[in-house]
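Undergrad: Prediction below, plus the sequence it came from.
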Amino acid sequence: MLVLLKKEKKEMLIEYCVERFGISKVIFENYQLYEGSKNKIYLIKELLELRFIPESSGLCIFRFDKTPKPTTNFLQLFSADISKNVLDIGEKDLINYCKGNDLQVHSGSNKIEPGFIAIRYNNSIVGCAHWNKITVRNQLPKSRRCKINYY
Amino acid sequence: MNKQKQITLQTRIAERYARIVDNKDEFSRSINQPLKQSFRINSLKGDTEKILESLRKYDNSISPTNWYENGFTTNLDNLGSSIEHFSGQIYIQELTSMMPALSIADVNESKRIIDCCAAPGSKTTQLAEMMKNKGEIIANDNKHSRLKALRGNLDRLGIVNTTVTLRDFRSFPNTEADIYLVDAPCSSEGTIRKKNTIKRNLKEKDYERFSKIQKGILNRACEMAERGDQIVYSTCTFAPEENEHVVNSILEEHSVKLNNINIKNLKMGKGIKNWKDEKFDSEIEKCRRVWPHHNDTDGFFIARIEKC
Ligand SMILES: C[S@@+](CC[C@H](N)C(=O)[O-])C[C@H]1O[C@@H](n2cnc3c(N)ncnc32)[C@H](O)[C@@H]1O
């Protein structure tokens, strides 16, 4: 069962998106944010009132345990709006990333601050990773990992 | 499936529908040809032209369809392993599967749509794109095992306007909507050009079994709909038992009418007037049959129903 995200939590999340990824606040004006099980935050146009409980609604954009963790689906969807903490990768890293592997320290890594980052290939965000100043840790969910043959 | 069995299947289908197809030789020839892979661009995940440009860097065989600006074919058979697929910029979908959404009048951002049999979500994601990720879609299916694929596709394509439900649609609680899409489970004969999609020789009683389920689902959609609401019924089979017969029974039982379907530049056949001993309402001609040899596609059937 989804419940509307509390105002403070919503503001905190939006602030995180602005600070961390340079996403404009305005984007969130058109959406509602809900919290589901396992601390998952969903982005929804409008929560439907049904006579029964649905399986799911909208797109899971964050997992919020102690700190917010953005999902790959979220970063991909707002690809064009992300301007900060982006790591551009080449073909070899792309294949590795999509397989679910961590990436080696990259020449562009000085532009990124420790924490969650967006991985970009050919001007499109492909997913989420975590940078700890040593390794770029892959955050792709198992279900999204695959072998890329065409790029 | 061994060669002998496959030949029998194509031949049986060519023979079964020889009487209702406009050109039986062309029909028979086309169902023996393999089908090209087709895909749809998802503009929710990027600019259409830019996505195409990236695809064309490694695939010079991409051709547009002349009836849908987002529908394309390719000679590659594994675009599923492309970066554009990974990032949800394309969706691999049969051309015929793109047609029901196009036959619905004014799909727009203010509508609520119930996709009654939605998994794995080809048409749901197409409709969401047509609605610019606005409005409301309820994507329902009765098989838990198929919801994973549906959810996965909604996520990959970045769909935010959709709610997923798990119900047998025949007992779906009353829910208002402007449009009901019934893309019904069927014998799938129309997908014969794809490898191993029809697993066995269908018997007459199989058509009856599907027909019963289809009537149940379509009946529930017609019950729920209010005056002026649209109900689109589609199948990927040639069998009149699952097509005209089902729609005819709905015309008899509900206060509904059929509307014309026109997709510009797409050649479609009319619904048939009779099959075996059954004569259908003359309105049934407004249904549309997509024959494989007309547009080099699968086979398909669409009816556009309006509640009166
Ligand atoms: C032809 S497929 C739908 C394809 C889907 N519309 C798409 O475009 O991806 C038919 C679907 O109907 C579902 N189904 C079968 N019986 C059903 C019922 N009684 N209620 C709801 N869904 C049903 C099946 O599980 C199957 O996923």
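TA: All right, it came through fine.
Undergrad: centre of the chain versus stretch B:269-287, how much separation?
TA: Distance of stretch B:269-287 from the chain centroid (C-alpha atoms, centre = their mean, to the nearest Å) equals 20 Å.
Undergrad: Same check on stretch A:9-29?
TA: Worked out by C-alpha atoms, centre = their mean, stretch A:9-29 lies 12 Å from the chain centre.
Undergrad: any bit of that stretch sitting next to chain B?
TA: No: judged by C-beta under 8 Å from any C-beta of the partner chain, stretch A:9-29 stays clear of chain B, getting no closer than 11.6 Å. Quick note: C-beta positions are derived from backbone N, CA and C, even for glycine.
Undergrad: Show me the domain layout of chain A.
TA: A:3-79, A:85-144 (automatic domain parsing).
Undergrad: longest strand anywhere in chain B?
TA: strand B:300-307 (DSSP state E).
Undergrad: quick one: buried residues of it?
TA: B:300, B:301, B:302, B:303, B:304, B:305, B:307 (16 or more other C-beta atoms under 10 Å in any protein chain shown).
Undergrad: In TSV: those residues, plus pLDDT.
TA: What follows is the buried residues of strand B:300-307, written out as TSV (pLDDT from 0 to 100):
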residue	pLDDT
B:300	98
B:301	98
B:302	98
B:303	98
B:304	98
B:305	98
B:307	98
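Undergrad: can you pull out the helices in chain B?
TA: B:3-16, B:24-31, B:48-56, B:83-86, B:99-103, B:122-130, B:144-156, B:204-224, B:244-253, B:292-295 (DSSP state H).
Undergrad: Looking at the ones you listed, spot the one closest to the ligand.
TA: Nearest to the ligand, of all the helices of chain B, is helix B:122-130, at 3.4 Å by C-beta to the nearest ligand atom.
Undergrad: what is the orientation angle of the closest one with helix B:144-156?
TA: 30 degrees (axes from the mean of the first three to the mean of the last three C-alpha atoms, to 10 degrees).
Undergrad: and helix B:122-130, what other elements does it pack with?
TA: Applying 3 or more C-beta pairs under 8 Å, 6 or more residues apart in numbering or on different chains; DSSP states H and E, we find helix B:122-130 packed against strand B:90-92, helix B:99-103, strand B:112-115, strand B:136-141, helix B:144-156, strand B:179-183.
Undergrad: again, 7 Å this time
TA: Using 3 or more C-beta pairs under 7 Å, 6 or more residues apart in numbering or on different chains; DSSP states H and E as the contact test, the elements touching helix B:122-130 are helix B:99-103, strand B:112-115, strand B:136-141.
Undergrad: pLDDT on the last one, on average?
TA: Right, the one you point to is strand B:136-141. Averaging pLDDT along strand B:136-141 gives 98.
Undergrad: what's the angle from that strand to helix B:122-130?
TA: Computed by the same axes, to 10 degrees, the angle between strand B:136-141 and helix B:122-130 is 170 degrees.
Undergrad: Contacts for strand B:136-141, please.
TA: Under the criterion C-beta atoms under 7 Å, 6 or more residues apart in numbering or on different chains, residues A:46, A:48, B:112-119, B:121, B:124, B:127-128, B:147, B:150, B:161-167, B:169, B:172, B:175 lie in contact with strand B:136-141.
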